[in-house]
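Participant: Give me a 3D structure for the following:
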Amino acid sequence: SESGFIDYRDAELTAGIRVSDIRGDRIRWITENFFAGFYYLQSINALAALFNRSLFAGIRHSEAHYACYPVGFGYQWHSDNPAGRDERVISAVFYLNDDWSDSDGGALEIVDKHGVHHNIMPVANRLVIFDSDLQHQVQIAHRQRYSIATWMRRDGLVPFVEDNI
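Facilitator: Just a heads-up that it's a prediction; the model follows:
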């Protein structure tokens, strides 16, 4: 319920510009000011520690934001590591939508390393984990869609200043 009562801001592309034809979501970065979101982020950091122990992933910290996709918007094909960068190791999406159906759209479409497309519906309490270098998109939502987008990173922890992200 926390995701439905926060002040979202228009998401921007890496260059710091808003292009709603490419990315139409609204976001709010999770900080210690969000009780449920911060608890989620602590759980993700515990999962990252498991990945480090079992997969030698080299994750040093995680970041996440609430995302709200209004009706008629999605996020076109992209990788979570912009060209020339590789600090994001593992991406995750946690879905917050009750009673989601296929006709609501908003599926996460991921292309795996073999070129196979996978469509994952944003069903409540589903956590999707994937390599941050994989190409993916959020298909157009036909109903308001809520999620938490997450990145487990290998770079050093950068002091969080929400207005600069």
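
Participant: where does this protein have low pLDDT?
Facilitator: For the chain, applying pLDDT under 70 flags the ranges 2, 4, 14-17, 157-165.

Participant: where along it do the helices fall?
Facilitator: Along the chain, the stretches classed as helices by DSSP state H are 35-55.

Participant: give the contact list for the residue most central in space within it.
Facilitator: The structure's the chain has its C-alpha centroid closest to residue 149; by CA atoms, centre = their mean the separation is 1.9 Å. When contacts are counted by CB atoms under 8 Å, 6 or more residues apart in numbering, residue 149 touches 27, 64, 65, 67, 91, 92, 93. Yep, even glycine has a C-beta here, placed from its N, CA and C like the rest.

Participant: Give the burial count for the third one, as a bare number.
Facilitator: If I follow you right, that is residue 65. Counted with other CB atoms under 10 Å, residues neighbouring residue 65 total 23.

Participant: What separation do you get for it and residue 105?
Facilitator: With distances taken as CB to CB, to the nearest Å, residue 65 is found 21 Å from residue 105.

Participant: Can you list the buried residues in stretch 36-44?
Facilitator: Residues 37, 40, 41, 44 are the ones in stretch 36-44 that count as buried (16 or more other CB atoms under 10 Å).

Participant: that older thread, ok, the contacts of residue 149 vs residue 125, which is closest?
Facilitator: residue 93 (11.9 Å; CB to CB).

Participant: Give me the neighbour count for the closest residue to the closest one other than its chain neighbours.
Facilitator: Excluding its sequence neighbours, the residue lying closest to residue 93 (CB to CB, 6 or more residues apart in numbering) is residue 128, at 4.8 Å. Neighbourhood size, residue 128 [other CB under 10 Å]: 17.

Participant: so who does the closest residue to residue 141 other than its chain neighbours touch?
Facilitator: Leaving aside its sequence neighbours, residue 141 sits nearest to residue 106 (CB to CB, 6+ apart; 3.6 Å). Residues counted as contacts of residue 106 (CB under 8 Å, 6+ apart) are 69, 74, 97, 100, 121-122, 138-143, 145.

Participant: Take the residues you listed and lay them out in TSV including distance to residue 112 and neighbour count.
Facilitator: Shown next, in TSV, are the contacts of residue 106 (distance: CB to CB, whole Å; neighbours: other CB atoms under 10 Å):
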residue	distance to residue 112	neighbour count
69	23	26
74	20	21
97	24	22
100	23	21
121	17	16
122	19	25
138	17	26
139	17	18
140	22	16
141	23	25
142	26	14
143	27	16
145	23	26
